[in-house]
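K.L.:
Could you work out the structure for the sequence below:
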Amino acid sequence: MAAVVMIVVIVVVGGVGYVGIGALAGQGSNTVSTCQPATSPVCRSTGNLNNVVLFVAYQPGYGQSMIQLQQGQTLPATVSLSGGGVASSYTVHWGDGKVTTQSSPTFKHTYTGLGVFVMHATANVSGVTHQGPGYLYPVQVIPSIANSASGQYPVLTTTFSNGSVGPTVSRPWIQVGQGPISVSGSYSSLPTAPGYVAGAPSITSTGGTQVSSNATSTQARATYSFSSAGVYRITFVGPITTPSGSTMYQNYTWTVFVGAAGTSLGCAYCQGKQSVSPHPGSIDAYEIAPGGATSLDPAVDYETVGAEVMNNIFETLVNYNGTSTAGFVPVLANCVPGTQQCTNEYGNSLVTLVNNQPIYWTFVISGNASFYDPATHASWGVYPSDVMFSITRTLLWLQTPSQYVYNGWIIGQSLLPYGNPNWDGGLHAPWNNTPQNILGSMLVNDSQFCPSAAMTNAHGCITFKAAGSGSDWPFFLQLVGDAN
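P.N.:
Predicted coordinates for the structure are as follows:
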């Protein structure tokens, strides 16, 4: 009889990309030779597999060994059974001492404390609790922006070691007999708000044997061994005296998952290939922006918060030269149309006049312009057709739901004719953004405008016919700089 695979899946939504947490090479489903647990009546009768696989919609960033959430951030999750199986209940252990058991597969949890927490899940199938070899997922909770900005709390620096040696990252789990677990925490800076004073820290644990400990007025460290399987929490306790004389705390907790000897402690993304930034070093900038960006889609977003992020992700044909609103520098383009640089390189300014008005604007795409995938380190060229696709997609959103909701109107006004508001219920008005008009406003590698040198020494040309709205657009570069 063919085996039917039954897999418990957790899907955490709200981030970019999905990571399957399984035991084998990061696969979303996990196949093993025995069931979990082996005494399951389902296993004995049919050979079905009942293994938990944890899917989380967040991935660690560059230089991170686990995902990061802000203190107070809610993490939604969905648990499901694939392969046709049905569970009577699902349980998610969030790692901070909270456990949720329910029949509904949809979960939400808010982390209120700082620390490193290990999530895992189980499912009750026919009265038997199932887990599996790939069910652990570490989450780091960092201070909220509000707490960081208040000045009432010290800034903490922490370390963790599971006793392993070599280049392997110390994960917050061990088997019985492994270890020991060593942790430390210190105040890297003290509270700056008047009247708030950080007291001497200490370290506590919900179990295990403390092998050693040391503490001063600003730091504490301890080492623990564990002889029994279980989930333990080691906490750095930082007391803070407030101006009223009461005490609040800046604590930091490490969840330590101790598995029985010989058990598998699987985490697929931990075993998989991690991306390494080609540009080491980073700058973290925070600002209070309730609700965040409208979108991080450059065809949709039309506000400052999203633009600040996208300006550090996407490149444009040309960009403003510093604080100037009239000068430009080439980015994906080899030169700025209308400048002496274009004339020197291609024998003309790349701006073609019609009736003494600038109508055709040609951008030569740099031969060095490339897309880059940091996960695989693969790269491939940017070509005029890519630019045409991006502009076309933006213009298709031009009047949905109205012309000034998204940013497409900025460049669309210069490329498209007016539309008739009485046609199609006004769908293509005030600018007629039918596919014919959109594609007719751009030319790819047209020999009338694209220099031969651009075809041999660069990635070709895209030419815009800036005659939209029945006007000429001498300030077309401003529209390109603003819109793409």
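
K.L.:
just for the stretch 251-400 of the chain, where's the confidence low?
P.N.:
264, 266-288, 290-291 (pLDDT under 70).

K.L.:
cutoff 50 now
P.N.:
268, 271-275 (pLDDT under 50).

K.L.:
all strands for it, in order.
P.N.:
Counting by DSSP state E, counting those that start in this stretch, the stretch 251-400 of the chain has these strands, from start to end: 252-259, 318-320, 328-330, 351-354, 357-364, 370-373, 378-381.

K.L.:
With distance to Ser213 and mean neighbour count added, can I get these in CSV?
P.N.:
Every C-beta, even on glycine, is put in place using the N, C-alpha and C of the backbone. Below are those laid out as CSV (distance: least, CB to CB, whole Å; neighbours: other CB atoms under 10 Å):
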stretch, distance to Ser213, mean neighbour count
strand 252-259, 15, 24
strand 318-320, 55, 18
strand 328-330, 58, 19
strand 351-354, 73, 14
strand 357-364, 65, 22
strand 370-373, 46, 11
strand 378-381, 49, 11
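
K.L.:
among these, which is nearest Val237?
P.N.:
Closest to Val237 of these is strand 252-259 (CB to CB; 8.6 Å).

K.L.:
In terms of secondary structure, what does that closest one contact?
P.N.:
Under the contact definition 3 or more CB pairs under 8 Å, 6 or more residues apart in numbering; DSSP states H and E, strand 252-259 sits against strand 114-125, strand 155-161, strand 173-175, strand 181-189, strand 230-237.

K.L.:
switch to 10 Å and redo it
P.N.:
strand 114-125, strand 137-142, strand 155-161, strand 173-175, strand 181-189, strand 202-205, strand 219-225, strand 230-237 (3 or more CB pairs under 10 Å, 6 or more residues apart in numbering; DSSP states H and E).

K.L.:
which one of those is the most hemmed in?
P.N.:
Greatest average neighbour count among those goes to strand 114-125 (a mean of 24), per mean count of other CB atoms under 10 Å.

K.L.:
From the chain's centroid, how far away is the following helix or strand past that one?
P.N.:
Note on strand 114-125: by DSSP states H and E, the next helix or strand toward the C-terminus is strand 128-130. Centre-to-centre, strand 128-130 and its host chain are 33 Å apart (CA atoms, centre = their mean, to the nearest Å).

K.L.:
Mind listing the strands strand 128-130 pairs with, and their directions?
P.N.:
Strand 128-130 has the following sheet partners, assigned by DSSP bridges: strand 114-125 (antiparallel).

K.L.:
Would you mind writing the CA trace of the strand it pairs with as PDB?
P.N.:
Below are the C-alpha coordinates for strand 114-125, written out as PDB (Å, rounded to 0.1, in the frame of the first residue of the first chain):
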ATOM      1  CA  LEU A 114      13.100  40.700  25.000                       C
ATOM      2  CA  GLY A 115      15.100  37.600  24.200                       C
ATOM      3  CA  VAL A 116      15.600  34.500  22.000                       C
ATOM      4  CA  PHE A 117      12.600  32.200  21.900                       C
ATOM      5  CA  VAL A 118      12.200  28.800  20.300                       C
ATOM      6  CA  MET A 119       8.800  28.100  18.600                       C
ATOM      7  CA  HIS A 120       7.600  24.600  18.000                       C
ATOM      8  CA  ALA A 121       4.300  23.000  17.300                       C
ATOM      9  CA  THR A 122       2.400  19.700  17.800                       C
ATOM     10  CA  ALA A 123      -0.800  18.300  16.500                       C
ATOM     11  CA  ASN A 124      -3.300  15.900  18.200                       C
ATOM     12  CA  VAL A 125      -4.200  13.200  15.700                       C
END
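
K.L.:
Now do that strand against strand 155-161, angle only.
P.N.:
50 degrees (axes from the mean of the first three to the mean of the last three CA atoms, to 10 degrees).

K.L.:
Strand 114-125 relative to strand 137-142, how many degrees between them?
P.N.:
Using the same axes, to 10 degrees, strand 114-125 lies at 150 degrees relative to strand 137-142.

K.L.:
any idea how far strand 114-125 is from the chain center?
P.N.:
21 Å.

K.L.:
would you turn the strands of the stretch 251-400 of the chain into CSV with distance to Thr294?
P.N.:
Below are the strands of the stretch 251-400 of the chain laid out as CSV (distance: least, CB to CB, whole Å):
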stretch, distance to Thr294
strand 252-259, 34
strand 318-320, 22
strand 328-330, 27
strand 351-354, 34
strand 357-364, 28
strand 370-373, 25
strand 378-381, 30
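
K.L.:
Just tell me which of those strands ends up closest to Gln436.
P.N.:
strand 357-364 (18.7 Å).

K.L.:
Pull up the pairing partners for the closest one, direction included.
P.N.:
strand 351-354 (antiparallel), strand 461-465 (antiparallel).

K.L.:
to the chain's geometric centre, what's the distance from the longest one?
P.N.:
Right, strand 461-465. Distance, centroid of strand 461-465 to centroid of chain: 34 Å (CA atoms, centre = their mean).

K.L.:
Using PDB, write out every CA atom in it.
P.N.:
Output in PDB follows, covering the C-alpha atoms of strand 461-465 (Å, rounded to 0.1, in the frame of the first residue of the first chain):
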ATOM      1  CA  CYS A 461      18.400  52.100 -25.600                       C
ATOM      2  CA  ILE A 462      14.900  53.000 -24.600                       C
ATOM      3  CA  THR A 463      13.300  56.100 -26.200                       C
ATOM      4  CA  PHE A 464      10.300  57.900 -24.700                       C
ATOM      5  CA  LYS A 465       8.000  59.900 -26.800                       C
END
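
K.L.:
Return the mean pLDDT over it, rounded to an integer.
P.N.:
Taken as a whole, strand 461-465 carries a mean pLDDT of 97.

K.L.:
okay if I get the strands paired with strand 357-364 as CSV plus distance to Phe226?
P.N.:
Putting these into CSV (distance: least, CB to CB, whole Å) gives the following:
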stretch, distance to Phe226
strand 351-354, 73
strand 461-465, 63
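
K.L.:
With respect to Ala293, which of these lies nearest?
P.N.:
strand 461-465 (27.7 Å).

K.L.:
can you pull up the bridge partners for Thr204?
P.N.:
Thr235.

K.L.:
That one: what's it in contact with?
P.N.:
By CB atoms under 10 Å, 6 or more residues apart in numbering, the contact list for Thr204 reads 210, 220, 222, 233-237, 251, 253.

K.L.:
What of Phe236?
P.N.:
Shown in contact with Phe236 (CB under 10 Å, 6+ apart): 114-115, 156, 158, 183-186, 201-204, 219-222, 249-254.

K.L.:
one more time with 6 Å
P.N.:
Residues near Phe236 by CB atoms under 6 Å, 6 or more residues apart in numbering: 185, 201, 203, 252.

K.L.:
now do Cys461
P.N.:
Contact analysis of Cys461 by CB under 6 Å, 6+ apart lists 362, 364, 384, 445, 450, 454.
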